[in-house]
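okay, sequence plus prediction incoming.
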Amino acid sequence: MKLFVAGVIPGILLAGFFAAYNMFTAKMNPSIAPEPDAMGDFTPLTKSQIYSGASIIGLIFLVLGGIWGGFLQLQKQQVLEH
């Protein structure tokens, strides 16, 4: 559990610092991140696209939440992946 948290917290911090660096750099030099073109027509998502995305997100929450919450041990988590 401690090793899992020791890997997640630095990853979240690193992602946050990377996003902040990108926003700062784009603000200082707007030519490297120009404004996006006007978006075209919006097409709503189909049910299969929604179910596909929800299942992937659900699996991520199931595995990471199970490890973090102590419901899954790492050996059991490896069985879920195979």
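Nice, thanks for sending it over.

burial of Ala20, as a residue count?
Number of residues near Ala20 (other C-beta atoms under 10 Å) recorded here: 10. The way it works is simple: take the backbone N, C-alpha and C, and place the C-beta from them, glycine included.

which SSE is immediately downstream of the helix or strand encompassing Val8?
In this assignment (DSSP states H and E), Val8 forms part of helix 2-28. Using DSSP H and E, the helix or strand that follows helix 2-28 towards the C-terminus is helix 47-69.

name the residues of that following helix that are buried.
Within helix 47-69, the residues scored as buried using 16 or more other C-beta atoms under 10 Å are Ile67.

about what we covered before: so which elements touch the helix holding Val8?
helix 47-69 (3 or more C-beta pairs under 8 Å, 6 or more residues apart in numbering; DSSP states H and E).

okay, and the helix or strand of the chain with the least pLDDT?
In the chain, no helix or strand scores lower on mean pLDDT, DSSP states H and E than helix 74-81, which sits at a mean of 62.

as a quick check, tell me the outermost residue of this structure.
In the chain, the greatest distance from the average C-alpha position (C-alpha atoms, centre = their mean) is reached by Ser31, at 27.4 Å.

can you check what pLDDT the model gives it?
pLDDT, Ser31: 90.

low-confidence ranges in the chain?
For the chain, residues meeting the criterion pLDDT under 70 lie at 1, 74-82.

what about Phe4, how many residues nearby?
14.

from Gly65, how far out is it?
11 Å (C-beta to C-beta, to the nearest Å).

and what of Ser52?
Applying C-beta to C-beta, the value for Ser52 to Gly65 is 20 Å.
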